[in-house]
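Chemist: A structural model of the following input is requested.
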Amino acid sequence: MAAGLAFTACSSDEPANGGNNVETGDFNYVAVRLCTPGSMGSRYEDKEPEYVNGSEAESKVTNAMFIFFGANGNISEIVPNVTINEWKPGTANTIDKEAKTVVTLKGSSIKPESVIAVLNPPADLETTIRSKGNLDAVRKTVGAYTSTESGKFVMTNSAYNDGTATGGGKNIYAAKITGAIFDSYEAAQATTTNTVDIYVERVLAKVQVKKNTTFAVKSNNITTTDSENNKTDVTIVPEIKGYQIINTTSAISLVKNIDNVSQGWDWNDKANFRSYWATVPSSEVSHLTWNNISGENTTGAFSQYLCPNNMDSSLPLQAGMTSKATKIIVAAELQIDGKATNLIRYLDKYFKEDNDYLTRMAYELKTAGIQWQTTESDGKHTGDYAVEDLEVVRVKTDDNVHPYRITVKIKDTALKTKPLKDETVYSDFIASVKPAIEWKNGLTYYFAEIKHIGFNHQRSELAALIRNHIYDVTLDGITGLGTPVFDPTEDIDPERPTDEPESYVSARIALLKWRVVGQNLTLE
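Modeler: Residues are numbered from 1 along each chain as shown. Now for the predicted structure:
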């Protein structure tokens, strides 16, 4: 897909840098038409793809670099520092603007057969590219091409397959220039049809978040139980503290990688020289703490440019599992009458205080036959452990502490004065007791994966950010209690609790010349 910038190269004293100067040496000349991208999206049900042009900052091109390849795929020449001057309106509805320029080749006697253009290349990219050697290595070059300053958005050749809407043909990564090489500058400049057409796209994706005018946070009516087994009906209201995007990456391949892409939906758009799916470099994702989210984007309206990410794209995500998919996340505080409340859920009961939960667990220990026994001068004495003998601890798996699950244990100090009558019975209880979950001080979060949608009634439930797409997210509201947070300074790896009441943030997403996709999604 291309929305474009039109530009021409300015004159230069060095022919290898391209430009409009007329050369008289034994050089080759390539007429290039560059079409820069607008936004990209994916079709949603019966909707045709929608396109929005990039902003001035997103579309400005300060310079370009052309990488030429011979018939064997090896680099034949690199022409850097081609400056951009003029733009013209695009000739197709998917092209914003375009430009024609003449690139002068003098660095090699090998006439190239293909070319990759890099618009707004980072300062050190030329050195990196020269070490790569061939087209395959160049296009797979991974870097942090993440600048979002005006005139610094990196754009490179769009990748597509020359087969059907679901692929099956040859992947096109570089523009073919066979038969379009001229012996004179004048001939290259004069041509109107025999140009090398290069369609480019931004390497970043963009997420836009806003709240619906009907956005609402629903209250939750539950019943709490105290240590005396008294029941109280309470209303819990989540107070939103901040909005963020989590599980972001900083790794981007120079050209979109569609090697081995196999999808049943229409991911390929040969007619518009673009594709709507890719393979991204495997990398770790950045996590956030509750404190990182709280206080950020408090109005619920913000936008962010992100690296593509479709690692762990399969949906739905199973309960209790985490993934690397990029997500919208909302930090909140559970409140009763405007004040933060601690909340513990054990089986089907809610407790507001640790002591209430420990009272229930003391009963559980007693039921399991766990007693202490001491030997005194007057014989053996046994008894049940009291609430004051117990403490709340976080569940551990090996050395990993669970982010919000808790359980109970007998205090070490109590075991010294009240040793276990039967250690095996206690060990079996600890191994089998169902953990509780605790919203410590009411801290919680809600999240949902950002989804990428397919075409023509083939709705594709895939969590993904694809380059040069805008993901336009409208939040409709929040229900439920969310996922608990025990420690607000610990990194969150969003997961859906198992066997817990469902909680949701309702959101409507439109993937947007940048390209637009509409969808409804729910943040859980």
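
Chemist: use CA for all of it now, contacts and neighbours both
Modeler: OK.

Chemist: For Val330, give the beta-bridge partners.
Modeler: Tyr243, Tyr446 (DSSP bridges).

Chemist: what pLDDT does it get?
Modeler: At Val330, the model reports a pLDDT of 96.

Chemist: residue contacts, it?
Modeler: Residues near Val330 by C-alpha atoms under 8 Å, 6 or more residues apart in numbering: 240-244, 293, 445-447.

Chemist: Same question for Gly383.
Modeler: Contacts of Gly383 by C-alpha under 8 Å, 6+ apart are 371-373.

Chemist: Could you pick out which of those residues are located in helices?
Modeler: Judged by DSSP state H, the contacts of Gly383 include no members of helices.

Chemist: out of the contacts of Val330, who's nearest Gly480?
Modeler: Nearest to Gly480 among the contacts of Val330 is Tyr446, at 9.1 Å by C-alpha to C-alpha.

Chemist: Okay, Tyr51 and His469: tell me how far apart.
Modeler: 10 Å (C-alpha to C-alpha, to the nearest Å).

Chemist: what's the answer for Gly242, then?
Modeler: Separation of Gly242 from His469 (C-alpha to C-alpha): 25 Å.

Chemist: Quick one: neighbours of the closest residue to Asn220 other than its chain neighbours, just the number.
Modeler: The shortest distance from Asn220 to any non-neighbouring residue, by C-alpha to C-alpha, 6 or more residues apart in numbering, is to Ile236 (5.0 Å). Residues near Ile236, counting by other C-alpha atoms under 10 Å, number 24.

Chemist: Check Lys418 too.
Modeler: That count, for Lys418 with other C-alpha under 10 Å as the rule, works out to 20.

Chemist: Report the beta-bridge partners for the closest residue to it other than its chain neighbours.
Modeler: Once flanking residues are discounted, Lys418 sits nearest to Trp372: 5.3 Å by C-alpha to C-alpha, 6+ apart. Taking DSSP bridges, one obtains Gly383, Leu420 as the residues bridged to Trp372.

Chemist: shift numbering so it begins at 2
Modeler: That works, and once the first residue is 2, the last one we named lands at Trp373.

Chemist: And the pLDDT for Trp373?
Modeler: Trp373 is assigned 97 on the pLDDT scale.

Chemist: same thing with Ile85?
Modeler: Looking at Ile85, its pLDDT stands at 68.

Chemist: With Thr499 instead?
Modeler: What the model reports as pLDDT for Thr499 is 69.

Chemist: from the chain's centre, how far out does the longest helix seen in the chain sit?
Modeler: In terms of residue count, the longest helix belonging to the chain (DSSP H) is helix 355-368. Helix 355-368 sits 42 Å away from the centroid of its parent chain (C-alpha atoms, centre = their mean, to the nearest Å).

Chemist: ok, now stretch 319-330?
Modeler: Stretch 319-330 sits 10 Å away from the centroid of its parent chain (C-alpha atoms, centre = their mean).

Chemist: List of residues touching it?
Modeler: With C-alpha under 8 Å, 6+ apart as the criterion, stretch 319-330 contacts 244-249, 285-286, 310-314, 318, 446-451, 464-466, 494-499, 524.

Chemist: 7 Å - rerun?
Modeler: Stretch 319-330 has contacts (C-alpha atoms under 7 Å, 6 or more residues apart in numbering) with 244-249, 286, 310-314, 446-451, 464-465, 494-499.

Chemist: which parts of that stretch are buried?
Modeler: The neighbour-count check on stretch 319-330 (16 or more other C-alpha atoms under 10 Å) flags 324-330 as buried.

Chemist: Just the helices from this protein, written as ranges.
Modeler: 57-60, 126-131, 136-140, 186-191, 291-294, 355-368, 413-418, 424-433.
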